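1. coordinates only, no sequence provided:
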């Protein structure tokens, strides 16, 4: 499993960003996928997940602001973020799972290099 996230950057509070995660080395369409974020000294947290069929799940903190999607033809996972807040500042990475409990963070692995999102107030 190889995953490469990109698209991060510096944005003002209230702004928008779009992240991408390109997958390789596995059958992307057969896996559930998720975005995580992590800040220094904190555990990695699941932000949003999408299952093989396109069903989605969001952490309460991002509901209504973030949208996860996938393009199986391009082996790519996306995260559209609007209404960004300073507390969204973190390194964002993606991971994959084949477990039926696709909303559960513990069943994800394969995080590649993340991308830093910084939201200024």
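-> All right, it came through fine. These numbers come from a predicted model, not from an experiment. Numbers count the residues shown, from 1 in each chain.
2. bridge partners for the residue lying closest to residue 90 once chain neighbours are set aside, pull those for me.
-> Using C-beta to C-beta, 6 or more residues apart in numbering and skipping residues adjacent in sequence, the residue nearest residue 90 is residue 37, 3.7 Å away. From N, CA and C alone the C-beta is placed, and that goes for glycine too. Counting by DSSP bridges, residue 37 is bridged to residue 45, residue 92.
3. ditto for residue 117
-> Going by DSSP bridges, residue 117 forms beta bridges with residue 9, residue 90.
4. what packs against the helix or strand where residue 94 lies?
-> Per DSSP states H and E: residue 94 is located in strand 90-97. The contact analysis (3 or more C-beta pairs under 8 Å, 6 or more residues apart in numbering; DSSP states H and E) places strand 90-97 against strand 2-6, strand 17-24, strand 32-38, strand 115-120.
5. ok, back up a step: neighbours of the residue nearest to residue 90, how many?
-> Neighbour count of residue 37, defined by other C-beta atoms under 10 Å: 22.
6. next one: residue 75
-> 17.
7. what sits against it?
-> For residue 75, the contacting residues are 22, 23, 24, 28, by C-beta atoms under 8 Å, 6 or more residues apart in numbering.
8. could you measure the residue nearest to the spatial centre of the chain against residue 5, distance?
-> The chain has residue 35 as the residue nearest its centroid, 1.9 Å off, counting by C-alpha atoms, centre = their mean. According to C-beta to C-beta, to the nearest Å, residue 35 and residue 5 sit 8 Å apart.
9. what is in contact with those two at once?
-> By C-beta under 8 Å, 6+ apart, residue 35 and residue 5 have these common neighbours: 19, 21, 92, 93, 94.
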